[in-house]
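Student: Next come a sequence and a model predicted from it.
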Amino acid sequence: MKNLVITSLVVSVVFGLSSVFACSTCGCTSPSTCTGNTEVKLTDIVHTAEHAGQFQTLIAALTAADLAEVLQTAGPFTVFAPTDKAFKALPKGTVESLLKPENKAKLQTILKYHVVAGKVMSTDLVKYENAKTLHGNKVNLTLMVNNAQVVKADIKATNGVIHVIDHVILPGTSQPITGHANTVPEYAKDSIVQTAVNAGQFKTLVAAIQSAGLVDVLSGTGPFTVFAPTDAAFAKLPAGTVESLVQPENLATLQGILKYHVLAGKLGSQDILTAHTVKTLSGQAIYPSVLVDNAAIQVKNIYCRNGVIHVIDNVILPKKEI
């Protein structure tokens, strides 16, 4: 697909596919009355957004920027659409200022930063639908674009697709997730545990692995994929949590939590997320990435002798531990 610059990245979520129904004024059937074999009539992106009811600010902005008519043409387009709530989260007065005629060019740039030429479904961004951990549970992996989480994907329109996001994304506010090359470098001779020790930012994680008796496992043949919380991530836990978990009587709980961060097999970013960079109509790129439960990947593809580490910014907990 053109305008997708493929350089590979990270994982997956099962996005519910949803068709959007328009109102009776355009001859469509609403979701509440659609039953059986009722034919669904799709409309263009702008009309679809209007009927959704949660994009009033976006529609007003598109109109003020003279982009509404563009998004009603044949396209196709992919729109990462911030909700009204997302616009409301901007600093007070921002939207009102952007809607002024003198700020039209700036508004156009911001809006174009949310639009990709071409129809990019979630399956074009995400390769894996789930990932089972050594704990036995599946981690919840959801798509993010810059700092915005995709809260609903694949809303179909006649001239493209909408992915609903929970933040307004601004040009220049995000950089691609950095990491090592997508091929295993020759110097990747250390095990996952030794690599974590050498990095210097996983002291708490290493201490926890030692207390849980998992050093030999994660130093073994593997291969494994480890979503590794930094020391700063562990520091976000309630006071006393780490100290309690490393007590002998909590061994099983600690092992369960650590195993929840480990996948069997080596999943580099290219094995998880297909499209690393997506070019927008503004000419700038946005960066699809992955949220692992409540943790964002900060650094990808730290290759080790027996697997790969992806650095995350929060400790993730098995569902029964939450």
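Tutor: Arrived safely. Predicted model only: the values in this text are computed from it and were never measured.

Student: Just the element for the residue nearest to residue 226 when sequence neighbours are not counted, please.
Tutor: Spatial nearest neighbour of residue 226, excluding adjacent residues (CB to CB, 6 or more residues apart in numbering): residue 309 at 4.9 Å. Bear in mind the C-beta positions are built from the backbone N, C-alpha and C, glycine included. Element membership of residue 309 [criterion: DSSP states H and E] is strand 307-312.

Student: quick one: what helix or strand has the nearest residue to residue 263 once chain neighbours are set aside in it?
Tutor: Spatial nearest neighbour of residue 263, chain neighbours left out: residue 225 (4.1 Å); criterion: CB to CB, 6+ apart. Using DSSP H and E, residue 225 falls within strand 224-229.

Student: How far away from the center of its chain is whatever helix or strand comes next after that strand?
Tutor: Sequence-wise, the next helix or strand downstream of strand 224-229 (DSSP H and E) is helix 231-235. How far helix 231-235 lies from its chain's middle: 21 Å, per CA atoms, centre = their mean, to the nearest Å.

Student: Would you mark the buried spots in helix 231-235?
Tutor: 233, 234 (16 or more other CB atoms under 10 Å).

Student: Next: stretch 126-144.
Tutor: For stretch 126-144, by 16+ other CB under 10 Å, it's 126-128, 131, 133-135, 137, 139-144.

Student: now, among the residues you listed, which is nearest to residue 244?
Tutor: residue 135 (18.9 Å; CB to CB).

Student: Pull the contacting residues for the closest one.
Tutor: 256, 257, 259, 260, 262, 318 (CB atoms under 8 Å, 6 or more residues apart in numbering).

Student: quick one: secondary structure of residue 124?
Tutor: helix (DSSP: H, G, I helix; E, B strand; the rest coil).

Student: What's the separation between it and residue 115?
Tutor: Computed as CB to CB, to the nearest Å, the residue 124 to residue 115 distance reads 15 Å.

Student: give me phi/psi at residue 60?
Tutor: With angles defined as degrees, to the nearest 10, residue 60 sits at phi -60, psi -40.

Student: Tell me the spacing between the nearest residue to it once chain neighbours are set aside and residue 106.
Tutor: The shortest distance from residue 60 to any non-neighbouring residue, by CB to CB, 6+ apart, is to residue 99 (6.8 Å). Taking CB to CB as the measure, residue 99 falls 11 Å from residue 106.

Student: same thing with residue 132?
Tutor: 46 Å.
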